[in-house]
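S.K.: return atomic coordinates for the entry below.
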Amino acid sequence: MKKEFKEGTITITVDHEKCKGSGECVTACPVEIFELVDGKAVAKNIKECIECCACVNACPYIAIEHSSC
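M.R.: From the prediction side, this is the model:
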């Protein structure tokens, strides 16, 4: 199941079937957009996103898609 998070022109999609809850996106994001909820990544503060794509690059399960990356 894919979860889509939107704010303005930014869309972040997390595939919860692929996400294994490693927390790599939480650690990699310099503006702390991600948190783990029930063992899955959730984008919570998208308006703070600086579109650096660190989350996409950090995920070892290729579970994150970002409209800017």
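S.K.: show me what contacts the closest residue to Cys53 other than its chain neighbours?
M.R.: The shortest distance from Cys53 to any non-neighbouring residue, by CB to CB, 6 or more residues apart in numbering, is to Cys69 (3.9 Å). Every C-beta, even on glycine, is put in place using the N, C-alpha and C of the backbone. Applying CB atoms under 8 Å, 6 or more residues apart in numbering to Cys69 gives the contacts 51, 53, 56.
S.K.: for the closest residue to Ile50 other than its chain neighbours, give its distance to Lys20.
M.R.: Leaving aside its chain neighbours, Ile50 sits nearest to Val31 (5.8 Å; criterion: CB to CB, 6+ apart). Separation of Val31 from Lys20 (CB to CB, to the nearest Å): 23 Å.
S.K.: cool, and Ala28?
M.R.: Taking CB to CB, one finds Ala28 at 15 Å from Lys20.
S.K.: again, but for Thr9
M.R.: Separation of Thr9 from Lys20 (CB to CB): 29 Å.
S.K.: neighbour count: the two, which is higher?
M.R.: Lys20 (15 against 8; other CB atoms under 10 Å).
S.K.: in the sheet, which strands lie alongside the helix or strand bottoming out on mean pLDDT in the chain, parallel or antiparallel?
M.R.: Using mean pLDDT, DSSP states H and E, strand 2-7 stands out as the lowest-scoring helix or strand of the chain, at a mean of 94. Applying DSSP bridges, strand 2-7 is found paired with strand 10-15 (antiparallel).
S.K.: quick one: mean pLDDT for the strand it pairs with?
M.R.: Confidence over strand 10-15 (mean pLDDT, whole number) is 98.
S.K.: let's verify the residue nearest to Ile50: helix, strand, or coil?
M.R.: Under DSSP: H, G, I helix; E, B strand; the rest coil, the three-state class of Val31 is coil.
S.K.: which residues in the protein form helices?
M.R.: Using DSSP state H, the helices of the chain run over residues 24-28, 54-58.
S.K.: want to throw these into TSV with distance to Glu65, mean pLDDT and mean neighbour count?
M.R.: Output for those, formatted as TSV (distance: least, CB to CB, whole Å; pLDDT from 0 to 100; neighbours: other CB atoms under 10 Å):
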stretch	distance to Glu65	mean pLDDT	mean neighbour count
helix 24-28	12	98	18
helix 54-58	7	98	19
